[in-house]
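Undergrad: need the 3D shape of this:
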Amino acid sequence: PTATVSPVALWHDATSLRARTLAEQLSLIDFALYRRVRPSELLNTAWQARRLKYRAPTLAALAKRSTAISFWVATVVLTQSTHAQRVHMLRRFIDVALALRELSNFHTLMAVLAGLGTSAVHRLRRHWAAVPKRRVRALAALHELMQPHASHAAYRAVLDDTPLPALPYVGVHLTDLTFIEQGNPDLTADGRIFFKKREHAHAAIEHIERFQSTAYDFARVEPVATYLEQPAYLDENLLYDRSLEVEPREQQQQQQQ
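TA: Residues are numbered from 1 along each chain as shown. Presented below is the predicted three-dimensional model:
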């Protein structure tokens, strides 16, 4: 008979990996999905319109996966049994985020940052106070890199000088395409095709395609890689309930006094 491995065991295996190895496995999975995005999915903001979403199945899958990774990160942190274990997982995921930055995987980096930034995790003042200041500063630098200020200027500047392989933060580039689509008419005032709009859209799509050309070549680590393709996680309400359980509001109020 085939031996089975419990989800709990796989969860432990995944989070026990070196931060670099975990970042590599996440990068392999997310890049494989990113590489499947076709130019047709990027036209007419199909990923936004309910009636057109069938045209952009891979973009929908990428968005769903980013959400899953964010909630998985929060779930792993909050379901640890002790304060020390939860602090350890905060440190671990900061290290994973740093490793993703080293791998130029900005897309998964953003998902991990979002997980650490969920309200259920962000509010854990006592836990964050126990994270070494050096790691907190490193996390702040990553947030600074990925902040949306000036149309993600810091991220774009880094991406322009990033060698392949790399995985760009897809959300930024979909926003570019949205502005091009919604901010420019299809026709000129005299009824001719507005080719400038087409040129801008083509350049934005070509930019996305450039990063699809070179894949990460790390070896898959099984069964962890398969688990990470669909990690288990709690929903937002359960996460917040757990957050209040491990750090009640009264403790935070006492800390402030």
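Undergrad: average model confidence for the helix or strand in which residue 179 is found?
TA: Secondary structure assignment for residue 179, by DSSP states H and E: helix 170-183. Taken as a whole, helix 170-183 has a mean pLDDT of 88.
Undergrad: elements contacting that helix?
TA: The criterion is 3 or more C-beta pairs under 8 Å, 6 or more residues apart in numbering; DSSP states H and E, and the helices and strands that helix 170-183 contacts are helix 57-78, helix 149-160, helix 195-212. Any C-beta I mention is one placed from the backbone N, CA and C, and that applies to glycine too.
Undergrad: as JSON lines, those with mean pLDDT, mean neighbour count and distance to residue 139 would be great.
TA: Written out in JSON lines, the entries for the helices and strands packed on helix 170-183 read as follows (pLDDT from 0 to 100; neighbours: other C-beta atoms under 10 Å; distance: least, C-beta to C-beta, whole Å):
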{"stretch": "helix 57-78", "mean pLDDT": "96", "mean neighbour count": "20", "distance to residue 139": "12"}
{"stretch": "helix 149-160", "mean pLDDT": "96", "mean neighbour count": "14", "distance to residue 139": "15"}
{"stretch": "helix 195-212", "mean pLDDT": "85", "mean neighbour count": "15", "distance to residue 139": "25"}
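Undergrad: got the buried residues for the helix holding residue 179?
TA: Taking 16 or more other C-beta atoms under 10 Å as the neighbour-count basis, helix 170-183 is seen to contain the buried residues 170, 171, 172, 173, 174, 176, 177, 180, 181.
Undergrad: give the contact list for residue 127.
TA: Contacts here follow C-beta atoms under 8 Å, 6 or more residues apart in numbering; on that basis residue 127 touches 83, 86, 87, 90, 246, 247.
Undergrad: count of neighbours near residue 249?
TA: Using other C-beta atoms under 10 Å, residue 249 is surrounded by 9 other residues.
Undergrad: from residue 237, how far out is it?
TA: Look at residue 249 and residue 237: by C-beta to C-beta, to the nearest Å, they are 16 Å apart.
Undergrad: same thing with residue 39?
TA: Counting by C-beta to C-beta, the gap between residue 39 and residue 237 amounts to 39 Å.
Undergrad: which positions within stretch 129-145 qualify as buried?
TA: Buried, per 16+ other C-beta under 10 Å, within stretch 129-145: 131, 135, 139, 142, 145.
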